[in-house]
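Undergrad: Based on what follows, work out the 3D shape:
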Amino acid sequence: MTLLVRLAVAAGGLGLAALIALAIPRSGPLAEEVGALLAPAWGAVTLADLYLGFFVAAAVIVAVEKDTRVGFAWALPIFVLGNVVTAAWAVWRLPRLVAFGRR
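TA: Numbers count the residues shown, from 1 in each chain. Alright, predicted model coming up:
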């Protein structure tokens with residue numbers, strides 16, 4: 001079951017990376033893109049929700065990693081690269097998380 005979950009998370013992360021790669025050449029200046037996203041109220045809520053998720057994922061990563069430096073090395077890029085990093089970390093650490101949950 002762990003392998004299936006790892007494969008699903010890896011597929012999701014790769015799919016997100018592909019979407020990002022497709023969006024980059026079609027996007028405008030960052031300030032304009034963010035401004036358009038924040039214009040509607042639900043756009044602002046969605047962005048706040050996204051960054052709360054980033055913060056929670058980063059906190060879990062720092063808490064789970066034995067070496068704090070490794071935790072921050074994984075956590076900080078989340079705020080720039082997004083959940084592609086979270087997915088990569090989850091695929092890598094899922095066996096440890098499952099073992100921790102079974103204690």
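
Undergrad: Just say helix, strand or coil for residue 72.
TA: Following DSSP: H, G, I helix; E, B strand; the rest coil, residue 72 is assigned to helix.

Undergrad: How many neighbouring residues does it have?
TA: Counted with other C-beta atoms under 10 Å, the neighbours of residue 72 add up to 14. Any C-beta I mention is one placed from the backbone N, CA and C, and that applies to glycine too.

Undergrad: any idea how far it lies from residue 30?
TA: In this view, residue 72 and residue 30 are 25 Å apart by C-beta to C-beta, to the nearest Å.

Undergrad: And for residue 1?
TA: 40 Å.

Undergrad: need the contact list for residue 6.
TA: Residues counted as contacts of residue 6 (C-beta atoms under 8 Å, 6 or more residues apart in numbering) are 90-91, 94.

Undergrad: where's residue 101 relative to residue 10, distance?
TA: In this view, residue 101 and residue 10 are 20 Å apart by C-beta to C-beta.

Undergrad: Compare those two (neighbour count), which wins?
TA: The neighbour count for residue 101 versus residue 10, taken as other C-beta under 10 Å, is higher for residue 10 (16 against 7).

Undergrad: Relative to the whole chain's centre, how far out is stretch 71-89?
TA: 6 Å (C-alpha atoms, centre = their mean, to the nearest Å).

Undergrad: Stretch 83-92 too?
TA: Relative to its chain's centre, stretch 83-92 lies at 7 Å (C-alpha atoms, centre = their mean).

Undergrad: What's the mean pLDDT across it?
TA: For stretch 83-92, the mean per-residue pLDDT is 96.

Undergrad: send the alpha carbons of that stretch over as CSV?
TA: Coordinates of the C-alpha atoms in stretch 83-92 are reproduced here as CSV (Å, rounded to 0.1, in the frame of the first residue of the first chain):
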residue,chain,number,x,y,z
ASN,A,83,4.0,21.5,-3.6
VAL,A,84,6.3,19.9,-6.1
VAL,A,85,8.8,20.0,-3.3
THR,A,86,6.3,18.7,-0.8
ALA,A,87,5.4,15.8,-3.1
ALA,A,88,9.1,14.9,-3.6
TRP,A,89,9.7,15.0,0.1
ALA,A,90,6.6,12.9,0.8
VAL,A,91,7.6,10.2,-1.7
TRP,A,92,11.1,10.1,-0.2
